[in-house]
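S.K.: A predicted structure for the sequence below; I have some questions about it.
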Amino acid sequence: MISSMTGFGAADGAIGDARASVEIRTVNHRFFSPSLKLPPAFARWEGEIRELLRQKIARGHVTLTVRVDRAAATGPALDEARIAYYAAALRELQKKLALGGEVDLATLLRLPDVLVAPTDDADPKAGEALAVVVGKAIDDLTVMRQTEGARLAAFLVERVEAVETRLGQIEKRAPIRLREQHDRIKRTVGELIGGAGADPQRIAQEVAILADRLDVAEELDRFRSHLNAFRETVRSNASEPVGKRLGFILQEMLREANTIGSKANDAPILEDVIATKEELERIREQVENLE
């Protein structure tokens, strides 16, 4: 199914005694461009998470953010052995120096390293749990990208039909314009040669050559072929990304439009060519959003 490169996905789940929240945002990019923001404890699994994204997302700038909320029980703890050591050392110093006063808890808590911060080391199995949460976020992202892709596909088909309408008008006008040019050329040549007795066969030959230069039938046929290929690609159910292919087909359509415009030499046809190129530009803007 056709997918947009723009989307958002989120998921959360348990990782040991912690709770992980994963958010993935994607925007347009010519290639797969990931940016991962992981807590230090999970940095060791960055390569695995990057590969998981690459398997599911072909193109786009991908920003993945992981936040981990640990359980309250994992907060700072008292190092009781160190506190006992400090208390004994202070009382021994009191006796030795005959010092007064009490060794109270407030004094002991102000001493270095009596509070132990929780370790940032994650359980080795935390990587697998994180991958599961990331997979759910990717699935959520995929749904949004496909929904947006379906909307863009409908828009593209609509614009292709508008281009076909313009090509139909050019196709109707082309033979009329050829007859007009043919008559004009014959009339001009006749006026130039006057009564000189020029060879009528030679005149007809020259007129045919000039008329052939103005014929756009081949360009119209190729243009319609590109339109059919474009439409089939948009409606394809293939799992492969189609954005680049649509971009290449669009370039070919623009090339044919330019050729028709250069050969037209006719105001009504030029008007349709300009309108066609405007539609192709609208199509291009949306194709750039497709994976």
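M.R.: Looks like it came in fine. Model, not experiment: these values are computed from the prediction.

S.K.: what's the offset of the lengthiest helix in the chain from the middle of its chain?
M.R.: Identified as the longest helix of the chain according to DSSP state H is helix 126-193. Offset of helix 126-193 from its chain centre (CA atoms, centre = their mean, to the nearest Å): 19 Å.

S.K.: please apply the same query to stretch 215-234.
M.R.: For stretch 215-234, the distance to the chain centre is 26 Å (CA atoms, centre = their mean).

S.K.: using CSV, list the CA coordinates for that stretch.
M.R.: The C-alpha coordinates for stretch 215-234 follow below in CSV (Å, rounded to 0.1, in the frame of the first residue of the first chain):
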residue,chain,number,x,y,z
ASP,A,215,3.1,17.3,-35.3
VAL,A,216,2.7,16.3,-31.6
ALA,A,217,1.0,12.9,-32.0
GLU,A,218,4.0,10.9,-30.8
GLU,A,219,4.4,13.1,-27.8
LEU,A,220,0.8,12.7,-26.9
ASP,A,221,1.0,8.9,-27.2
ARG,A,222,4.0,8.8,-25.0
PHE,A,223,2.4,11.2,-22.5
ARG,A,224,-0.6,8.9,-22.2
SER,A,225,1.6,5.9,-21.7
HIS,A,226,3.3,7.7,-18.8
LEU,A,227,0.0,8.6,-17.3
ASN,A,228,-1.2,5.0,-17.4
ALA,A,229,2.1,3.9,-15.8
PHE,A,230,1.7,6.6,-13.1
ARG,A,231,-1.9,5.6,-12.4
GLU,A,232,-1.1,1.9,-12.2
THR,A,233,1.8,2.6,-9.8
VAL,A,234,-0.3,4.7,-7.5
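
S.K.: where does the prediction get shaky in this structure?
M.R.: Along the chain, segments meeting pLDDT under 70 span 71-76, 117-123, 189-190, 192-200, 202-204, 206-207, 210-211.

S.K.: wait, residue 224 sits on residue 167?
M.R.: Yes. Contact criterion CB atoms under 8 Å: residue 224 and residue 167 qualify, at 6.6 Å. Placement of C-beta: from N, CA and C, glycine included.

S.K.: between those two, who's got more neighbours?
M.R.: residue 167 (21 against 17; other CB atoms under 10 Å).

S.K.: what residues does the more buried one make contact with?
M.R.: Contact analysis of residue 167 by CB atoms under 8 Å, 6 or more residues apart in numbering lists 220, 223-224, 227, 272, 276.

S.K.: and if you look at residue 220?
M.R.: 167, 170-171, 174, 256, 260.

S.K.: out of those residues, who's nearest residue 28?
M.R.: For the contacts of residue 220, the minimum distance to residue 28 (CB to CB) is 26.3 Å, reached by residue 256.

S.K.: confirm for me that that closest one is in contact with residue 219.
M.R.: Yes. Between residue 256 and residue 219 there is a contact under CB under 8 Å: 4.9 Å.

S.K.: noted, bye for now.
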